[in-house]
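Undergrad: here's a sequence, model it:
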Amino acid sequence: MRITIDDHNKGRLISSTLKGAWQFVTKFAAALLLFGWCGCAAHLATVETKPARLPAGLRVEEPLDSARKYLAMAEHEQSLPGLGHDLLAAKISSGMVEQHPKNESARSIYNFAVARVVQDVDQMVLSRGGIRSLF
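TA: The predicted structure is shown next:
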């Protein structure tokens with residue numbers, strides 16, 4: 001059964017199935033055009049990665065003293081902030097070990113900080129019921 005609609009603009013009869021098909025085609029073409037323009041927008045944004053910076057106050061005092069302070073703060077923090085402090089202490093002492101490879105104090109603090117990071121991660125995994133629950 002066909003229903004016809006009178007098109008007043010052109011003075012002729014157009015089948016409703018033909019009109020519906022035309023609307024579908026125009027919407028589909030508009031969607032393709034829109035997606036095409038969105039695909040071209042990817043080159044408009046540029047992303048730059050920057051290395052993490054240590055807090056500005058670290059440059060004033062001896063780096064190993066600040067690493068010790070971060071390790072001391074990590075003892076009294078909860079698991080995630082404590083992990084952050086331990087990682088920062090490991091980063092500071094790692095820089096000292098790279099600059100002065102024979103500095104036993106820097107190596108000792110680095111080893112201790114890495115061991116604490118492993119301990120923190122183990123505690124987080126156990127307390128949350130497995131590694132999948134962390135992500």
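
Undergrad: how about Ala90, nearest residue that isn't a chain neighbour?
TA: The shortest distance from Ala90 to any non-neighbouring residue, by CB to CB, 6 or more residues apart in numbering, is to Ala113 (3.8 Å). Any C-beta I mention is one placed from the backbone N, CA and C, and that applies to glycine too.

Undergrad: all helices of the protein, in order?
TA: When assigned using DSSP state H, the helices of the chain occupy the ranges 16-40, 63-75, 79-99, 104-128.

Undergrad: where among those helices is average confidence lowest?
TA: Looking at these, the lowest mean pLDDT belongs to helix 16-40 (a mean of 72).

Undergrad: pull up the gap between the residue nearest to Ala90 and Gly95, please.
TA: Distance, Ala113 to Gly95, by CB to CB, to the nearest Å: 12 Å.

Undergrad: looking at those two, which is more packed in?
TA: Ala113 (24 against 16; other CB atoms under 10 Å).

Undergrad: surely that one and Val97 touch.
TA: No. With contacts counted by CB atoms under 8 Å, Ala113 stays clear of Val97, the gap being 10.9 Å.
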